[in-house]
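A.B. asks: Give the three-dimensional model of this entry:
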Amino acid sequence: MSEQKRLALLGCAHIHTPGFVKRLQERPDVKVAYVWDHEAARAAQWVDALGAEQISDPGTAYGDEKIDGVIICSETNRHEDLVLPAAAAHKHLFVEKPLGIGGDDAQRMAQAIEAAGVLFQTGYFQRGLPAHLFIKQQIEAGSFGTITRLRHSNCHNGSLGDWFTPQWLWMTDMAQAGVGAFGDLGTHSLDIMLWLLGDVERVTASIQVATGRYGDCDEYGEGLLEFSNGTVGSLAAGWVDVAHPVNLIISGTDAHAYVANGELFFKNTHLEGATGETPWTDLPQAWPHAFELFLDALVGKPDVPLVSASEAAVRSAVMEALYVGAQRKEWVAPKKYT
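C.D. replies: Next comes the predicted model:
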């Protein structure tokens, strides 16, 4: 076996941390050498599981030449303070989504990451789902004709089930997370929508509280997006859904597709058999999870499809504009960066 790549886990706050630790335990080609969190007790939970050393200062990881990359699962408002020195130290980076509290901090991080020339990845795992890969292929082939509407949603019952108490309550605090339910889950839908159709010109949203379990933290919302190519988009996300059967609908002048209960239905006026009446099963193979893709790229596998830092920054900027639009009850143009 080739030499293991060495990593540091910096910040253990995110609700996905346990899942990432499990994936790391199953990879013989990587080794977590250090664990840090500003709450020492939180870091201590994972030291034995990873066979790692707990450190009191993330600078220990940045200064260790044997550390190849860092995994940042901190509160979102701590991302920039961890990402910038990591990039300066030329460490490869997995940063859990969203990259920034808003567009400005995300853009500063993206610029530093890209200037350093290091690998970057974030947790947008839905790109690798077969239905999404198929739809992207069909869009690029022109199969939909003029795309008129795209709807994507990402919902669960996290608030109804109180998934966040007590360990993950920071995710319900806008000061630390930057977003509530709409942004937490909606950033995945936003990534797919922008990945499929490109830039948006303006956005607005209605973002609301349902149960009040987490005070004034939003629990659901609906966004509208006008894409540069003329497509009208709608985005739904929330923590108060008892069912979520249909998560994607896309309509064009030549084709229509939707995903219901995990199955793709595709109608195309020019493709034999694409009647839309039964599930379409001729789909691309699923990608590994986004975190696995980062580890694959880190150990040198070729042509690994990663999310760029600039893409992640755009998603933070557009989500920020959706929240501003909801607050002002008006259309907002997302901030553009050069």
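A.B. asks: Would you map the strands across the stretch 1-150 of the chain?
C.D. replies: Secondary structure of the stretch 1-150 of the chain, counting by DSSP state E, counting those that start in this stretch: strands at 5-12, 30-36, 53-54, 69-73, 92-95, 120-121, 147-155.
A.B. asks: tell me which element residue 204 falls in.
C.D. replies: Using DSSP states H and E, residue 204 sits within strand 200-208.
A.B. asks: Only the buried residues of stretch 86-100, if you could.
C.D. replies: Within stretch 86-100, the residues that count as buried by 16 or more other C-beta atoms under 10 Å are 86-87, 89, 91-100. To be clear about C-beta, it is placed using only N, CA and C from the backbone, and glycine gets the same treatment.
A.B. asks: How about residue 15: what's its closest non-neighbour residue?
C.D. replies: residue 168 (4.5 Å; C-beta to C-beta, 6 or more residues apart in numbering).
A.B. asks: if I pick that neighbour, what's in contact with it?
C.D. replies: Counting by C-beta atoms under 8 Å, 6 or more residues apart in numbering, residue 168 touches 13, 14, 15.
A.B. asks: can you redo the strands of the stretch 1-150 of the chain as TSV with distance to residue 109 and mean pLDDT?
C.D. replies: Formatted as TSV, those follow (distance: least, C-beta to C-beta, whole Å; pLDDT from 0 to 100):
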stretch	distance to residue 109	mean pLDDT
strand 5-12	14	98
strand 30-36	18	98
strand 53-54	25	98
strand 69-73	10	98
strand 92-95	8	98
strand 120-121	9	98
strand 147-155	23	98
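A.B. asks: which one of those is the most hemmed in?
C.D. replies: Mean neighbours per residue, mean count of other C-beta atoms under 10 Å, is largest over these for strand 120-121, with a mean of 27.
A.B. asks: partner strands of it, parallel or antiparallel?
C.D. replies: strand 92-95 (parallel) (DSSP bridges).
A.B. asks: Show me how far the partner strand is from its chain's centre.
C.D. replies: 13 Å (C-alpha atoms, centre = their mean, to the nearest Å).
A.B. asks: bridging residues for residue 206?
C.D. replies: Judged by DSSP bridges, the bridge partners of residue 206 are residue 222.
A.B. asks: If we only consider the contacts of residue 168, which is nearest to residue 314?
C.D. replies: Using C-beta to C-beta, residue 14 is the member of these that lies nearest residue 314, at 21.1 Å.
A.B. asks: So that closest one sits against residue 96, correct?
C.D. replies: Yes: here residue 14 reaches residue 96: they are 4.8 Å apart, a contact under C-beta atoms under 8 Å.
A.B. asks: circling back: in TSV: the strands of the stretch 1-150 of the chain, plus distance to residue 189.
C.D. replies: Converted to TSV, the strands of the stretch 1-150 of the chain look like this (distance: least, C-beta to C-beta, whole Å):
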stretch	distance to residue 189
strand 5-12	25
strand 30-36	30
strand 53-54	36
strand 69-73	21
strand 92-95	19
strand 120-121	19
strand 147-155	4
